[in-house]
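1. A structural model of the following input is requested.
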Amino acid sequence: MITVLGSTNLDLIGTVSRIPRPGETVPGDRFASAAGGKGANQALAARRAGAEVRMFAAAGTDSFADEALALLRADGVDLTGLRIVEGPTGIAMIFVDAHGENVIAILPGANGTMGKPDAERALDGLGIGSILLLQQEIPQAATRHALELAREKGVISILNTAPFLDNTKDIADLASILVANETEFQLLTGAGLDTLESAMSDWAKSNNQTVIVTLGADGVRAATPERSLSVPSLKIEPVDTVGAGDTFCGYLAAGLDRGLDLETALRQAAVAGSLACLKPGAQPAIPNRAEVEAALAELSQSVPSPS
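-> All right, here's what the predicted structure looks like:
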């Protein structure tokens, strides 16, 4: 069982010729809405990877709530921890350019009501070896409290440092496993690609923590206090990168929950994240386990055998 404490949003997505600069208007050609929110995305990814998943979140009383929760319900995510609060559901406003890159603005809505009591409800009954998945789209007090409770209980906590906040550094060392992209890790440590491997190793040893950095087309690197490793991503032409990182996190959690070793779980998660870039939207693009296993098999066949 994986427990997710985090956000649920409705994504409003516009496809544009290129990302506008400040004060600039650019033409677009498509609009769509899709269920999203980093917490909900990661919960759905873990569920599609085959895990049992509980989601603790908040949604509003507006017309967006049902659409925001539709795929979670359809795929069987346990929503008994969901609170419905008076007011709007969280919204993400997204522009995607012709190369699949995006810019996103978040309006928290009901997500902003999440607090320490939600963290306590999420951790109630969890014990040693349980997995807790966290992001940073709900108030940081709730996330910090959940990380502290997880430490006390021996729960394996996975913290995704997106979106990166001014106080991310204050809680980053509380997690069992830290997941960041290269930009977030640089903001956290000041380390660029030229010093990434040594910086990751130093961080893992100093904080007795596993740290994972996703590098898009260049795959994934990880460091534990004992070793470093890397895995490739699929070679693809991305359609939309929204939700790729969340797919990675959900599949990583599911792999570890299934008892996979770190390297195998990372390979599965990296391939899942790549596949999520092949369709528009966040949750609609999350692949199921069969798709990921088929891509992994194809990838293994394409790797030359050692001579």
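2. Could you pull up the mean pLDDT of the helix or strand where Ile106 lies?
-> Assigned by DSSP states H and E, Ile106 belongs to strand 102-107. Taken as a whole, strand 102-107 has an average pLDDT of 88.
3. Next, the buried residues of the helix or strand following it.
-> Downstream of strand 102-107, the next assigned helix or strand under DSSP H and E is helix 116-123. Buried residues in helix 116-123, defined by neighbour count with 16 or more other Cβ atoms under 10 Å: Asp118, Ala119, Ala122, Leu123. Using the backbone N, CA and C atoms, a C-beta is placed for each residue, glycine as well.
4. ok, so of the residues you listed, who is nearest Pro238?
-> Using Cβ to Cβ, Ala122 comes nearest to Pro238 of the buried residues of helix 116-123, at 32.8 Å.
5. Touching, that closest one and Leu133? I think so.
-> No - with the criterion set as Cβ atoms under 8 Å, Ala122 and Leu133 do not qualify as a contacting pair; they are 10.1 Å apart.
6. which residues do these two both contact?
-> Taking Cβ atoms under 8 Å, 6 or more residues apart in numbering as the contact criterion, the common neighbours of Ala122 and Leu133 are Thr3, Leu5.
7. for the stretch 151-300 of the chain, what spans make up the helices?
-> Ranges of helices in the stretch 151-300 of the chain, per DSSP state H, counting those that start in this stretch, are 168-171, 182-189, 196-207, 244-257, 262-275, 289-302.
8. Now tabulate those helices in JSON lines and tack on distance to Ala70 and mean neighbour count.
-> Listed next are those as JSON lines, based on distance: least, Cβ to Cβ, whole Å; neighbours: other Cβ atoms under 10 Å:
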{"stretch": "helix 168-171", "distance to Ala70": "31", "mean neighbour count": "16"}
{"stretch": "helix 182-189", "distance to Ala70": "30", "mean neighbour count": "19"}
{"stretch": "helix 196-207", "distance to Ala70": "38", "mean neighbour count": "17"}
{"stretch": "helix 244-257", "distance to Ala70": "17", "mean neighbour count": "28"}
{"stretch": "helix 262-275", "distance to Ala70": "21", "mean neighbour count": "24"}
{"stretch": "helix 289-302", "distance to Ala70": "20", "mean neighbour count": "14"}
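9. Gly87 is nearest to which of these?
-> Taking Cβ to Cβ as the criterion, helix 244-257 is the member of these that comes nearest to Gly87, at 24.3 Å.
10. tell me the average confidence for that closest one?
-> Here the mean pLDDT over helix 244-257 is 98, rounded to a whole number.
11. Repeat that for stretch 71-79.
-> In this model, stretch 71-79 has a mean pLDDT of 98.
12. again with stretch 298-307
-> Taken as a whole, stretch 298-307 has an average pLDDT of 64.
13. hang on, Gln186 packs against Gly192?
-> Yes - judged on Cβ under 8 Å, Gln186 makes contact with Gly192 at a distance of 6.0 Å.
14. what sits against Phe117?
-> Careful, residue 117 is Pro and not Phe. Residues in contact with Pro117, defined by Cβ under 8 Å, 6+ apart, are absent; none qualify.
15. go on, Glu86?
-> With contacts defined as Cβ under 8 Å, 6+ apart, the neighbours of Glu86 are Gly60, Thr61.
16. That one sits in which helix or strand?
-> Secondary structure assignment for Glu86, by DSSP H and E: no helix or strand.
17. Roughly how far does it sit from Ala65?
-> Distance check for Glu86 against Ala65: by Cβ to Cβ, to the nearest Å, it reads 11 Å.
18. just Glu137 next, same as before
-> Glu137 sits 16 Å away from Ala65, taking Cβ to Cβ as the criterion.
19. pretty sure His278 contacts Thr241?
-> Wrong residue type there; residue 278 is Leu, not His. No - with contact defined as Cβ under 8 Å, Leu278 does not reach Thr241; the gap is 10.3 Å.
20. Kindly check the end-to-end length of stretch 94-109 for me.
-> The first residue of stretch 94-109 is 16 Å away from its last residue (Cα to Cα, to the nearest Å).
21. which residues does Ala217 contact?
-> Ser233, Lys235 are the contacts of Ala217 under Cβ under 8 Å, 6+ apart.
22. The closest residue to Glu263 other than its chain neighbours: neighbour count?
-> Spatial nearest neighbour of Glu263, chain neighbours left out: Leu229 (5.5 Å); criterion: Cβ to Cβ, 6 or more residues apart in numbering. Leu229 has 13 neighbouring residues, counting by other Cβ atoms under 10 Å.
23. The stretch 1-150 of the chain: strands as residue ranges?
-> In the stretch 1-150 of the chain, strands defined by DSSP state E, counting those that start in this stretch lie at 2-5, 9-16, 28-36, 53-59, 78-84, 90-96, 102-107, 131-134, listed in chain order.
24. Could you dump those strands into a markdown table with distance to Ile212 added?
-> Supplementary listing: those in a markdown table, determined by distance: least, Cβ to Cβ, whole Å:
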| stretch | distance to Ile212 |
| --- | --- |
| strand 2-5 | 17 |
| strand 9-16 | 24 |
| strand 28-36 | 22 |
| strand 53-59 | 20 |
| strand 78-84 | 26 |
| strand 90-96 | 24 |
| strand 102-107 | 22 |
| strand 131-134 | 13 |
